[in-house]
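> Please work out how this folds:
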Amino acid sequence: MRHLVLGLMGLALLACASQEAVPTSQSHATSQPADPRPSPPHAQPSPAEEPTADLRLIDLGVLTPPDQVVPGATVDLLAVVENAGDALGEYAGALRVDGRVEPSPSAAIEPGERAEIPFSVTASRVGELELRLDDRRISLHVLGPAQLVVDGLRVPDGLIERDETFTATVSVVNEGGLPGSRTLAITLNGTAVGTDEVTLLGGERSQLSFPLLIADAGPHEIAAGELTAEVRVVDIRRPPSGKVVLNKVDGGPGQLVIENQRDDDAFFVLTRANEGSRPLLAVYVHEGDSSRITGIRNGSYNVYYGTGERWDRYSGRFTGNAAFRRDPEPLRFTSSGGRYSVWTFTLYTAVGGPGSDGQPVDADEFPDLEGEGDAD
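Numbering: from 1, shown residues only. The predicted structure follows:
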């Protein structure tokens, strides 16, 4: 009995094995045609992004001291560059100086790091040089050599008395960029009469004062650098009353009496009528005094007279409260048969009296006695 059961189980197992094999064999023998629709794509993983450098110029400065930026000098600069990316980067800036392309600063910079990149340019000329690196711009002020120039010379405007000390002021400016020194000389009529040394920074200005004294009356030229100025020195000395400063009409019988009743001194001049204002006779008469001139040649003469104070011996003029006039009628000197002309010319304090109604004239119309005669 037991043997039979085992046999049945074995048959059952065999039958099951045969049943499983048949469908497999049938499936291979009865294959179906392929589905013409495309198969759905398989999902692919996203590729990782490549690391990149992000280089940025964040600062640009000049290391060379300003007073050393001169033509031909090497100017040291410093660029600060940051790598804001996540990969090593090679910085190479675009450098231009005055529009010219120059060798550019460069450096390798790790991600997240900053680098200080030193570089240099040459100061090619005096003035402002424009330097551009990427989007940054700076100006280099290139200093020129020191150039000390006299740009002002000041002397007193008015008259200067002989043997009177006065001051000449000289202005000096350094038109260059670098500091410099100069020994400055001031001259009188071409001869050096004073020197001084001045030291100035670039663009700085200074004034020098020179005390001067001139013994001789007349015009004098003062010079400093390329500038000149004229001063006029006067010799203030009052001549004696009745002093004949000039006489070119002697040799005749005529006489002229001058009465000065004013409260200031007077100076009389005769010129030939209708022959300009060349002086022929000049006489100085004190206030309230009179003078007689004899031996005047025959002829017609114009009469000029001036009044005032502070007589200048050199120029033959009053230098204080001066007034100049000309008498409207000429004086005519004649002689015949032992008779001769004697004219009296009177100046009154009050306007309107005889001899006091002369016509005013400008100083440059009055006869010029400078260098004529002797006014002692």
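> how far is stretch 203-221 from where the chain is centred?
Distance of stretch 203-221 from the chain centroid (C-alpha atoms, centre = their mean, to the nearest Å) equals 22 Å.
> and if you look at stretch 292-311?
With C-alpha atoms, centre = their mean, you get 53 Å for stretch 292-311.
> Mind listing what's buried along it?
Using 16 or more other C-beta atoms under 10 Å as the test for burial, stretch 292-311 gives 293, 296-299, 301-308, 310-311. Just so you know, the C-beta spots here come from the backbone N, C-alpha and C atoms, and that holds for glycine as well.
> Of those residues, which is the nearest to Leu208?
The nearest member of the buried residues of stretch 292-311 to Leu208, counting by C-beta to C-beta, is Arg310 at 31.7 Å.
> Run through the residues that contact the residue nearest to the closest one when sequence neighbours are not counted.
Nearest residue to Arg310, sequence neighbours excluded (C-beta to C-beta, 6 or more residues apart in numbering): Gly320, at 4.0 Å. Contacts for Gly320 were tallied using C-beta atoms under 8 Å, 6 or more residues apart in numbering; they are 308-310.
> you'd agree Ser300 is in a strand?
Yes - judged by DSSP: H, G, I helix; E, B strand; the rest coil, Ser300 forms part of a strand.
> who's it bridged to?
Arg332 (DSSP bridges).
> same deal with Val233?
As assigned using DSSP bridges, the partners bridged with Val233 are Ile160, Gly218.
> likewise the one 10 residues further on?
When assigned by DSSP bridges, Lys243 has beta-bridge partners Tyr284.
> swap in Val81?
As assigned using DSSP bridges, the partners bridged with Val81 are Leu57, Ala115.
> go on, Arg325?
Listed beta-bridge partners, Arg325: Tyr305, Pro360 (assigned using DSSP bridges).
> so how far is Tyr314 from it?
Distance check for Arg325 against Tyr314: by C-beta to C-beta, to the nearest Å, it reads 22 Å.
> Would you map out the domains in this structure?
Under the assignment automatic domain parsing, the domains of the chain span 55-142, 148-234, 243-365.
> Pipe these into CSV and attach distance to Glu49 and mean pLDDT per row.
Compiled in CSV, the domains of the chain are given as follows (distance: least, C-beta to C-beta, whole Å; pLDDT from 0 to 100):
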stretch, distance to Glu49, mean pLDDT
domain 55-142, 9, 93
domain 148-234, 54, 95
domain 243-365, 98, 91
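> returning to that earlier point: would you mark the buried spots in the strand or helix carrying the residue nearest to Arg310?
Element membership of Gly320 [criterion: DSSP states H and E] is strand 317-326. By 16+ other C-beta under 10 Å, the buried positions in strand 317-326 come out as 317-319, 322, 324-326.
> And these, which two are furthest apart?
Longest span within the buried residues of strand 317-326, C-beta to C-beta: Thr319 and Arg326, 20.3 Å.
> Report the contact partners of Val121.
74-75, 77, 95, 97, 102, 131, 140.
> in the protein, which spans are helices?
2-29 (DSSP state H).
> From Arg292, how far off is the closest residue to Gly299 other than its chain neighbours?
Nearest-residue entry for Gly299: Phe333, 5.9 Å, with adjacent residues in sequence omitted and distances by C-beta to C-beta, 6+ apart. Going from Phe333 to Arg292 by C-beta to C-beta gives 14 Å.
> Glu365 now?
In terms of C-beta to C-beta, Glu365 sits 28 Å off from Arg292.
> what do you get for Arg310?
Counting by C-beta to C-beta - Arg310 and Arg292 are separated by 26 Å.
> same thing with Tyr305?
With C-beta to C-beta as the criterion, Tyr305 and Arg292 are 16 Å apart.
> do the same with Glu116
Counting by C-beta to C-beta, the gap from Glu116 to Arg292 is 103 Å.
> Same question for Glu128.
The gap separating Glu128 from Arg292 is 81 Å, by C-beta to C-beta.
> Check Arg132 too.
With C-beta to C-beta as the criterion, Arg132 and Arg292 are 94 Å apart.
> still on that earlier bit, the contacts of Gly320 in strands, which ones?
Using DSSP state E, the subset of the contacts of Gly320 located in strands is 308-310.
> Closest one of those to Ala223?
Arg310 (28.6 Å).
> show me what contacts the closest one?
Per C-beta under 8 Å, 6+ apart, neighbours of Arg310: 234, 236, 318-320.
> Distance of it relative to Leu159?
Using C-beta to C-beta, Arg310 is found at 9 Å from Leu159.
> what sits in contact with each of those two?
234, 319.
> Pull out the buried positions in stretch 119-136.
Those would be 119, 121, 123, 129, 131-134, for stretch 119-136 by 16+ other C-beta under 10 Å.
> Ala185: which of those residues is nearest?
Comparing those against Ala185 with C-beta to C-beta picks out Ala123 as the nearest, at 34.1 Å.
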